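> got a predicted structure here, sequence first:
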Amino acid sequence: MAVNEDGLHHLNGTLDYGVASSAGQIEGGILSHNWDDWCKQGRIKDRTTYSRANDFRRLWRGDIDMMADMGIKTYRFSIEWSRVEPEQGVYNQEETDWYRELLMYMKSKGIMPLLTLHHFTTPMWFEKMGAFEKPDNIPVFLGFVAYAVKQFGDMVNEYVTINEPNVFASEGYFNGVFPPGKRSYKLACRVQSVMASCHVHAYILIHKLRKEMGYDDTKVGFANHLRVFKPKNPGNPWHRFCASLTGHAFQGTLTNACLLGRFRLPLIAYGGIKPGEYADFLGINYYSCSSVSKIGGNDQDGAYKNDLDWDIYPEGIRQCAESQYKVLQRPVYITENGACDNHDTFRCLFIYDHLKALLSSDLPIQRYYYWSFTDNFEWAEGESSRFGLVHVDYETQKRTIKKSGRFYSEIIKNNGVTEEMYKEYVEPQKYPARACCV
């Protein structure tokens, strides 16, 4: 990192800069999966549906071309399970071939894939079986994993097994705002246990299959949603205790289970898992921090906010990376980091501040994936929350690179932020006028 005479820190790191998305948020179409069903129930904030999304199935070549033009060299994306396996054990070769065509086109443009196997969407036939509520369904998920690796393993060597098991379990089975809309602490813990077990078994399976295919460059991890849980009043022992316990419950037990195969109550290992090392990189999704005054509390006050009212706390991205590295020493991939900024008024500043915090660390940080490439269907928020570097007019599906997208492209081109870039993109921007979370 370089520091100029004015004391301004300008990025000069060695990161590979990429972008991220998920099939369930961009592809569109009428599908038989849990989120399509959730939309039909009218559970989306703005009453939009998955069926439109970004129409990526039709416009994908243009989107990949835009990525290449922006200099993006790596793309984290997912395949839609319900497309390639519409019925249990029945695979759709046409859909599989489409994903192969997508991968081949990406690679022809010099874009390396990081493939996510499960990113919140599950086929309805799997839901009707009990999905991740039942340990007996682990082999069913592994069947899909095996199929994906056999079909795409010649073009993909890096995999994210599961995206954010803690968010999937807490929002769908405890808070009830994601499908299936249940509210049970016991059930949320079981789902998280099953998903963590799925990750460990998938890690072993992917390495085994690609080794049989003759490859020795396989890298597997999971995307861990991490937050900084801070005591609302640092001088209050109860607040400190609650912050520590809440962080342990939300992400600490999951981290140890997925990375080391060490399942501690309330999580339970399924399938004869032994302690070991089950990640080749540390996948970190980081967005915000929480101020805690009670167990399970999330008092997001006294901070700058994004347009979803999430605290903006750039220093937390480094803190989370360091906490993970203490558990397992592996290269760090920031698999998601982004801001809901509907008018693109502070996103350049957000990116700069998070990269600056990240690059202040001595950790082996190798990748940074901005979430997301384009505006997309933002789960329970629908089309109302915009995270993209590229603006999408959902009525016409026209794409327009935002100012933040141009900034990100120049970061890639210059491998950092020059004085001129800082003055043009970062200096004019400010977060919403509230006291900063420090």
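Sure thing, it's come through.

> in this structure, spot the helix with the most residues.
Assignment by DSSP state H gives helix 185-212 as the longest helix of the chain.

> next, the buried residues of that helix.
Of all the residues in helix 185-212, those buried under the rule 16 or more other C-beta atoms under 10 Å are 187-207, 209-210. Using the backbone N, CA and C atoms, a C-beta is placed for each residue, glycine as well.

> pull up the gap between Lys403 and Asn137, please.
Distance of Lys403 to Asn137, computed by C-beta to C-beta, to the nearest Å: 45 Å.

> who's in contact with Cys39?
Thr48, Thr49, Tyr50, Ser51 (C-beta atoms under 8 Å, 6 or more residues apart in numbering).

> so which strand or helix has it?
helix 34-40 (DSSP states H and E).

> quick check: mean pLDDT of that helix?
Regarding helix 34-40, the rounded mean pLDDT is 94.

> so what's Cys198 closest to, chain neighbours aside?
Phe141 (5.1 Å; C-beta to C-beta, 6 or more residues apart in numbering).

> thought Met129 was touching the one you found, still the case?
No. Between Phe141 and Met129 there is no contact under C-beta atoms under 8 Å: 10.6 Å.

> between the two, who's got more neighbours?
Phe141 (25 against 15; other C-beta atoms under 10 Å).

> surely that one forms part of a helix?
Yes. Assessed with DSSP: H, G, I helix; E, B strand; the rest coil, Phe141 lies in a helix.

> tell me who's in contact with it.
Per C-beta under 8 Å, 6+ apart, neighbours of Phe141: His118, Phe126, Phe132, Cys198, Ala202.

> relative to Glu87, how far out is the last one?
According to C-beta to C-beta, Ala202 stands 21 Å off from Glu87.

> what of the first one?
Computed with C-beta to C-beta, the distance linking His118 and Glu87 is 18 Å.

> one more: Trp310?
Trp310 is 39 Å from Glu87, by C-beta to C-beta.

> neighbour count winner among those two?
Comparing Trp310 with Glu87 by other C-beta under 10 Å, the one with more neighbours is Trp310, at 18 against 11.

> wait, that one touches Cys340, no?
Yes. Judged on C-beta under 8 Å, Trp310 makes contact with Cys340 at a distance of 7.3 Å.

> now do the phi/psi pair for Gln95.
No, residue 95 isn't Gln; it's Glu. Dihedral angles of Glu95 (phi, psi; degrees, to the nearest 10) stand at phi -70, psi -40.

> quick one: pLDDT of it?
pLDDT, Glu95: 97.

> could you report the neighbour count for it?
For Glu95, using other C-beta under 10 Å, the count is 16.

> do Tyr333 as well
28.

> shaky segments in the stretch 151-300 of the chain?
297-300 (pLDDT under 70).

> got the CA positions of the longest strand belonging to the chain in PDB?
If you go by DSSP state E, the chain has its longest strand at strand 219-231. Extracted in PDB, the C-alpha atoms of strand 219-231 (Å, rounded to 0.1, in the frame of the first residue of the first chain):
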ATOM      1  CA  LYS A 219      -9.500 -26.000  -4.600                       C
ATOM      2  CA  VAL A 220     -12.700 -26.300  -2.500                       C
ATOM      3  CA  GLY A 221     -14.100 -24.000   0.200                       C
ATOM      4  CA  PHE A 222     -17.500 -22.600   1.400                       C
ATOM      5  CA  ALA A 223     -18.700 -19.000   1.500                       C
ATOM      6  CA  ASN A 224     -19.000 -18.100   5.200                       C
ATOM      7  CA  HIS A 225     -21.200 -15.100   6.000                       C
ATOM      8  CA  LEU A 226     -19.300 -13.200   8.800                       C
ATOM      9  CA  ARG A 227     -20.100 -10.200  10.800                       C
ATOM     10  CA  VAL A 228     -18.300  -8.300  13.600                       C
ATOM     11  CA  PHE A 229     -20.400  -8.500  16.700                       C
ATOM     12  CA  LYS A 230     -19.400  -5.600  19.000                       C
ATOM     13  CA  PRO A 231     -20.700  -4.800  22.500                       C
END
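
> relative to helix 185-212, how tilted is it?
Here strand 219-231 runs at an angle of 150 degrees relative to helix 185-212 (axes from the mean of the first three to the mean of the last three C-alpha atoms, to 10 degrees).

> which residue ranges of the stretch 251-400 of the chain form helices?
253-260, 315-327, 347-359 (DSSP state H, counting those that start in this stretch).

> and the first one, what does it pack onto?
Spelled out, it's helix 253-260. When contacts are defined as 3 or more C-beta pairs under 8 Å, 6 or more residues apart in numbering; DSSP states H and E, helix 253-260 sits against helix 165-173, helix 185-212, strand 219-231, helix 315-327.

> you'd agree Lys305 is up against Cys289?
No. Look at Lys305 against Cys289 with C-beta under 8 Å: they stay out of range, at 11.5 Å.

> now do the shared contacts for those two.
With contacts taken as C-beta under 8 Å, 6+ apart, Lys305 and Cys289 have Asp311 as neighbours in common.

> who's more crowded, the two?
Between Lys305 and Cys289, Cys289 has the larger neighbour count (other C-beta under 10 Å), namely 24 against 18.

> is Ile401 in a bridge, and if so with what?
For Ile401, the beta-bridge partners under DSSP bridges are Val390.
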